[in-house]
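In: sequence and predicted structure below; questions after.
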Amino acid sequence: MTRQHATSRSAATTKRGRTLDLPGLEIQQGAGRRLYTFAIDGKQVSSFAAVSRVRRDDQHRLQGYQRPEVLAHVAAIRRYIETDDSPLLPNAIVIAFDDRVTFTPDTKATTGYVRGGTLHIPVADDWEDADKPGFIVDGQQRCAAIRDADVEAFPICVTAFITGDHADHRSQFILVNSTKPLPKGLIHELLPTASGALPMQLRVRQLPATLLQMLNFDERSPLRYMIQTPTNPNGVIKDNSMLRMLEHSISDGVLYRFRGSDDTLPNPGEMFTVLADFWTAVREVFGKPAWGDPPRKSRLMHGAGILSMGTVMDTIADAHGSGSDLPDEAEFAAHLKTIKDDCHWTSGEWDFGDGVVRRWNHIQNTHRDIQRLTDFLVGRYKAARAQYR
């Protein structure tokens, strides 16, 4: 038999074009930050809050920030809610509201940093998800389970904040989920458009993630649509491989020249120019089938190939000179041609010397193989450069 849950309803109904008036608390949390906490029947949440799924629009701009519902987890929560064993979901869901949601304080219910009052949430029966004033930052699976559960109602706690800035939504989503198994690829896609205070380990990845986004979606990039991300699942290069290459160059390679200082901001535009010139030269020199085939067919698109060629890029730039005097596309190509015949991205064997010979497809994405391939390519390049001086 379906279990019934008692719940109180707001005086304002959820009819089309009406407002939900909910008693709640406003909590002052830091300068200019206010949180709101209230209770509501979980089945009503979908009338004013949606899941903002991560995707890209026709202009390749990032939209949303949520991962798809995990169906097995949702089903497990739903079964728990439907039991007769007094189910309890004590954790509040987190919702980001836009400025259509307002709060009217009750001056008689004010104590220090807490004010009692009424939260006013507009609702309409004919709204699409994009029209709703709220986005679920945390708790989408609980909301889905309650929505589908065979119960009349299930009251839950909600913690909310009001902001018109979608970058703030993404930042809070990253922070709330930073200790959960959130896919790293999703975090990397969200970082370039996140704002506010982020943990140090995320801040240091924000610049590489921005460059990765430019390489993947800028029409001037030779790597356009080639990097595999949640919104570009058909890419052939793993996003983590590209991020590692970018991080290394920013910390110890040619991109370090443009990362800024205490007094200056990083220059991602200059970084992108260097990267676009180099990888365009790689495409020109090695071409098909090495360029563009998946890693199982081409080790150039493999993690070992991406990371080792990133170090080659840094080495060529160092050999060219310091400061802003950097190789252009044609100069990078001229340097790369000196090692073209030593590369075996799609067939043959790599002869690393000292009796170490590896078939092309036996190169693995391990520290040892990456270092061996890097040392080999850099050594061949330096030897060729010395010969032609």
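Out: All right, it came through fine.
In: list the buried residues for the longest helix belonging to the chain?
Out: As assigned by DSSP state H, the longest helix anywhere in the chain is helix 367-387. Neighbour counts over helix 367-387 (16 or more other Cβ atoms under 10 Å) mark 369-370, 372-374, 376-378, 380-381 as buried. C-beta coordinates here come from the backbone N, C-alpha and C atoms, glycine included.
In: I146 is in contact with E82, correct?
Out: No - assessed by Cβ atoms under 8 Å, E82 is found out of contact with I146, at 10.4 Å.
In: of the two, who's got more company?
Out: I146 (26 against 16; other Cβ atoms under 10 Å).
In: next one: that one from A160, what distance?
Out: 17 Å (Cβ to Cβ, to the nearest Å).
In: the chain: strands as residue ranges?
Out: 19-28, 34-41, 49-50, 55-56, 62-63, 93-97, 102-111, 114-122, 134-138, 155-162, 227-228, 237-238, 349-353, 356-359 (DSSP state E).
In: partner strands of the last one and their direction?
Out: Neighbouring strands of strand 356-359 in its sheet, by DSSP bridges, are strand 349-353 (antiparallel).
In: outside of the partner strand, which residues touch it?
Out: If you take Cβ atoms under 8 Å, 6 or more residues apart in numbering as the criterion, strand 349-353 is touched by 344, 357-360, 363, 372-373, 376.
In: what do you get if the cut-off is 7 Å, keeping everything else the same?
Out: With Cβ atoms under 7 Å, 6 or more residues apart in numbering as the test, strand 349-353 has contacts from 344, 357-360, 363, 372, 376.
In: show the buried residues in the residues you listed.
Out: Here, 16+ other Cβ under 10 Å leaves 344, 358, 360, 363, 372, 376 buried among the contacts of strand 349-353.
In: could the strands of the chain go into JSON lines alongside mean pLDDT and distance to T280?
Out: Formatted as JSON lines, the strands of the chain follow (pLDDT from 0 to 100; distance: least, Cβ to Cβ, whole Å):
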{"stretch": "strand 19-28", "mean pLDDT": "94", "distance to T280": "53"}
{"stretch": "strand 34-41", "mean pLDDT": "94", "distance to T280": "49"}
{"stretch": "strand 49-50", "mean pLDDT": "86", "distance to T280": "41"}
{"stretch": "strand 55-56", "mean pLDDT": "51", "distance to T280": "23"}
{"stretch": "strand 62-63", "mean pLDDT": "46", "distance to T280": "25"}
{"stretch": "strand 93-97", "mean pLDDT": "89", "distance to T280": "40"}
{"stretch": "strand 102-111", "mean pLDDT": "81", "distance to T280": "52"}
{"stretch": "strand 114-122", "mean pLDDT": "94", "distance to T280": "50"}
{"stretch": "strand 134-138", "mean pLDDT": "84", "distance to T280": "39"}
{"stretch": "strand 155-162", "mean pLDDT": "92", "distance to T280": "44"}
{"stretch": "strand 227-228", "mean pLDDT": "92", "distance to T280": "15"}
{"stretch": "strand 237-238", "mean pLDDT": "94", "distance to T280": "15"}
{"stretch": "strand 349-353", "mean pLDDT": "92", "distance to T280": "25"}
{"stretch": "strand 356-359", "mean pLDDT": "92", "distance to T280": "28"}
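In: for E219, which of those strands is the nearest?
Out: strand 55-56 (13.8 Å; Cβ to Cβ).
In: ok, so of the contacts of strand 349-353, who is nearest P155?
Out: Nearest to P155 among these, with distances taken as Cβ to Cβ, is I363, at 57.2 Å.
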